[in-house]
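> turn this into a structure:
(chains A and B, ligands or ions: 3)
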Amino acid sequence: MFDGFVKPVDEMSACNRLPRQKGDIVRLPGPCGPVSGRVVESLQGGRELRPVAIGNEPVLVDRDVQMALWVLYELFYRGFEGVDAGREWDPELITLRGVIERRVERELRSATRGRLNQLLAREEAVGDLILDLVEEDEGPSLSSFLRRDATVEQMRDFLSQRSVQQLKESDPQAFLIPRLTGRAKAALAELQYDEFGGGRASHLHQDMYAETLVSAGLDPRYGAYIDEATAVTLAAANVMSLLALNRRLVPVGVGHFAAFEASSSVPSRRIAAGLERLGLGAAARYFEEHVEADAVHEQIAARDVCGAVVEQTPDLLSEVVFGALCTVHLDRLSADDLLTRWGVAGDESEAAS
Amino acid sequence: MNREIQVFACPHGPLLVRGADIVVDESGDEHAVERPVVALCVCEGSGRKPWCDGTHKSIRRDLP
Ligand code: FES
Ligand SMILES: [Fe+2]
Ligand SMILES: [Fe+2]
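Numbers count the residues shown, from 1 in each chain, chains lettered A, B, ... in the order given. Ligands and ions are numbered 1, 2, ... in the order given. Predicted coordinates for the structure are as follows:
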């Protein structure tokens, strides 16, 4: 007679018992159109995804499509309350993700092609090229506006929109590490060690961002602001996953990451000053940390990570630089998005520090 | 303890230092190193000396 322990059926799926922290339970967002509607419905009901078509409009600024993509990607990060963790590799969901991803990629390539050709004509080392192209960008400066003019409400709106990517800061790029080798891998790991707190949980950058939200009177829980996130906010977060979860796009991912780090130190200084001006100084710690941290990270990411990737395979230069231009493009879209949302004319926010 | 300290001078930018525990500035003040690599300001413009804060970008045109 068998008298051993038999597990109840619902405990068989051990992957649904992943360790979680308090306040870490992510709820599915409310659907905001046909595409995200189908995805959410399928996950909620534990049912097969019903077919859905993506329209012909640009997907980077389509909130419904970006929400669907965000949900599909979250299955690879923290998952959702009540959703079987096994859905991560559901073939129908992966197929839909691939369809959206190719559309996003195509739009990013066509938006950056002209500038990419100009930059590739220069005889500069890839590290210098990336640091220069970020600096030469003449888009509206969101951080200058935040420093000088933003109201408390606008600052809070900025912080909550940013939370969509910052509460999983560096998580997407961690997927790049096993896809790199040699010096590029060592340099990225060195940088990520700092992003993930250097062995101290209290220094995890993503958790420092959560503290910033609390200090600014906002909700620090992962996914708390997802229903308020704009299309561009979601797209900026999604592109990081796109470039890290597809091995064919790894060189684009390292270029994107380097430009992302290179657009952080100076803006962080301005945002910290804006928070002080508004009496929200306690929320500035995250940004102050990033003034110093990213002054280091931008050098390592551009010179060591990208430098090593291009040194190993010189043909990848244009993919790496394309990645950096994706960051610049999304930064511009984000700045326009928020400044327009706040009714601020472009000239009021012109770059000046 | 023998520990290797690596330095790298970034063109038009800071000096990257790996493996140091303490940085002593020119007035003899000690600054604890709290990350795997630190960037030391060489442009003199940083508001957070001895650390680089990105200010070199606005004055780099005048640097070698
Ligand atoms: S070297 Fe970067 S601020 Fe001086
Ligand atoms: Fe960070
Ligand atoms: Fe960083």
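> contacts and neighbour counts: CA atoms only from here.
Fine.
> and the helix or strand where A:Y193 lies, anywhere near chain B?
Assigned by DSSP states H and E, A:Y193 belongs to helix A:182-195. Yes: against chain B, helix A:182-195 shows contacts by CA under 8 Å from any CA of the partner chain at A:190, A:193-194.
> dump the C-alpha coordinates for that helix into PDB.
Only the C-alpha atoms of helix A:182-195 are listed here, as PDB (Å, rounded to 0.1, in the frame of the first residue of the first chain):
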ATOM      1  CA  GLY A 182      34.800  37.900 -22.600                       C
ATOM      2  CA  ARG A 183      35.400  41.500 -21.800                       C
ATOM      3  CA  ALA A 184      31.900  42.600 -22.800                       C
ATOM      4  CA  LYS A 185      30.400  40.100 -20.300                       C
ATOM      5  CA  ALA A 186      32.900  41.100 -17.500                       C
ATOM      6  CA  ALA A 187      32.200  44.800 -18.000                       C
ATOM      7  CA  LEU A 188      28.400  44.400 -18.000                       C
ATOM      8  CA  ALA A 189      28.500  42.200 -14.900                       C
ATOM      9  CA  GLU A 190      30.600  44.800 -13.100                       C
ATOM     10  CA  LEU A 191      28.200  47.500 -13.900                       C
ATOM     11  CA  GLN A 192      25.100  45.400 -13.100                       C
ATOM     12  CA  TYR A 193      26.700  44.500  -9.700                       C
ATOM     13  CA  ASP A 194      26.400  48.200  -8.900                       C
ATOM     14  CA  GLU A 195      22.800  48.500 -10.200                       C
END
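> and it, what other elements does it pack with?
If you count contacts as 3 or more CA pairs under 8 Å, 6 or more residues apart in numbering or on different chains; DSSP states H and E, helix A:182-195 packs onto helix A:307-312.
> so which bits of the helix or strand following the helix it packs on are buried?
Once helix A:307-312 ends, the next helix or strand along the chain (criterion: DSSP H and E) is helix A:317-341. Across helix A:317-341, burial judged by 16 or more other CA atoms under 10 Å in any protein chain shown covers A:317-339.
> do stretch A:81-99 as well
Buried, per 16+ other CA under 10 Å, within stretch A:81-99: A:83-85, A:87-88, A:93, A:96-97.
> ok, and what's touching it?
Residues outside stretch A:81-99 that contact it (CA atoms under 8 Å, 6 or more residues apart in numbering or on different chains): A:15-16, A:25-28, A:39, A:43-44, A:46, A:48-49, A:69, A:72, A:75-76, A:79.
> gap between it and the chain center?
20 Å (CA atoms, centre = their mean, to the nearest Å).
> sorry, back to before: scan the residues of helix A:182-195 next to chain B and report the most crowded one.
A:D194 (20 neighbours; other CA atoms under 10 Å in any protein chain shown).
> just give the nearest non-adjacent residue to it, would you?
Excluding its sequence neighbours, the residue lying closest to A:D194 (CA to CA, 6 or more residues apart in numbering or on different chains) is B:R35, at 6.3 Å.
> count of neighbours near the one you found?
20.
> what of the one 10 residues further on?
B:G45 is flanked by 16 other residues according to other CA under 10 Å.
> mind telling me what element it is part of?
Using DSSP H and E, no helix or strand contains B:G45.
> I'd say it and B:H56 touch.
Yes: using CA atoms under 8 Å, B:G45 makes contact with B:H56 at a distance of 6.4 Å.
> how about the helix or strand of chain B with the lowest mean pLDDT: buried residues?
Across the helices and strands of chain B, mean pLDDT, DSSP states H and E gives its lowest value to helix B:56-59, namely a mean of 88. For helix B:56-59, burial by neighbour count (16+ other CA under 10 Å) applies to B:56-57.
> tell me the pLDDT at A:G139?
Looking at A:G139, its pLDDT is 80.
> wait, doesn't it sit right on A:S334?
No: contact criterion CA under 8 Å: A:G139 and A:S334 do not qualify, at 10.4 Å.
> excluding chain neighbours, what is closest to A:E190?
A:E190's closest residue in space is B:P36 (CA to CA, 6+ apart), at 7.0 Å.
> what of A:L75?
A:E88 (5.1 Å).
> quick one: the one you found from A:D149, how far?
43 Å (CA to CA, to the nearest Å).
> and if you look at A:P51?
Taking CA to CA, one finds A:P51 at 47 Å from A:D149.
> model confidence for A:L333, exactly?
At A:L333, pLDDT is 96.
> one step back: how far out from the middle of the chain is the least confident helix or strand of chain B?
For helix B:56-59, the distance to the chain centre is 15 Å (CA atoms, centre = their mean).
> same deal with stretch A:52-62?
Worked out by CA atoms, centre = their mean, stretch A:52-62 lies 20 Å from the chain centre.
> got a list of contacts for that stretch?
Taking CA under 8 Å, 6+ apart as the rule, stretch A:52-62 contacts A:34-35, A:38, A:65-66, A:100, A:103-104, A:107, A:231-232, A:235.
> what residues are up against residue 46?
Since no chain was named, I'll use chain A. A:83-84.
> let me rephrase: I mean chain B.
B:52-56.
> pick out the residue in chain A sitting closest to ligand 1.
A:A295 (7.1 Å; CA to the nearest ligand atom).
> residues in contact with stretch A:223-230?
A:26-27, A:29-30, A:63, A:160-161, A:163-164, A:219.
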